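K.L.:
dropping the sequence and predicted coords here.
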Amino acid sequence: MTDHTAATAQAPAGTPAFDPKARATELAILDALRSVVDPEIGMNVVELALIKQIILGDDQTEVKMILTTPFCPYAGSMIQQVKEATEEVVEHDVKVTLLAERWDPRDAGLMW
């Protein structure tokens, strides 16, 4: 008989495998980000699958996102809107990081 427990990733001691409070905050952020619309496409950044990761912190939260095109003319405005919408939820500083990943329109409509 083989022991598979060693190969299974374990959370550090005292860390819950699932944090319902953090997930509720993440979902509240995603809900707030639905107000940020890409003006060229007319869909919000969540529906377009532009939000790739939300890293919650006590003093700062980071939102990692991509753009629909590398030289999107609305990038500055959209980044600012993402920052402001997220700050309304977490009530502390938010850093928005643009990733180099290319957007695939087939991802639009997928939800977290």
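P.N.:
Arrived safely, thanks for sending. Numbers count the residues shown, from 1 in each chain.
K.L.:
could you point out the helix or strand that follows the lengthiest helix in the chain?
P.N.:
For the chain, the longest helix by residue count, based on DSSP state H, is helix 75-90. Counting by DSSP states H and E, the next helix or strand C-terminal to helix 75-90 is strand 93-98.
K.L.:
export that next one as CSV, just CAs?
P.N.:
Output in CSV follows, covering the C-alpha atoms of strand 93-98 (Å, rounded to 0.1, in the frame of the first residue of the first chain):
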residue,chain,number,x,y,z
ASP,A,93,-4.2,51.1,-0.2
VAL,A,94,-4.6,49.0,-3.4
LYS,A,95,-1.8,48.3,-5.8
VAL,A,96,-2.8,47.4,-9.4
THR,A,97,-0.2,45.3,-11.3
LEU,A,98,-0.4,44.9,-15.0
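K.L.:
can you give me the buried ones in that strand?
P.N.:
Buried residues in strand 93-98, counting neighbours by 16 or more other C-beta atoms under 10 Å, are found at Val94, Val96, Leu98. Any C-beta I mention is one placed from the backbone N, CA and C, and that applies to glycine too.
K.L.:
confirm for me that the second one is in contact with Ser77.
P.N.:
The one in question is Val96. No. Between Val96 and Ser77 there is no contact under C-beta atoms under 8 Å: 11.9 Å.
K.L.:
wait, Lys95 touches Gly57, no?
P.N.:
No. Between Lys95 and Gly57 there is no contact under C-beta under 8 Å: 9.3 Å.
K.L.:
so which strand or helix has Ala28?
P.N.:
Per DSSP H and E: Ala28 is located in helix 20-33.
K.L.:
which neighbours do Lys95 and Gly57 share?
P.N.:
Here Lys95 and Gly57 share no contacting residue, scored by C-beta atoms under 8 Å, 6 or more residues apart in numbering.
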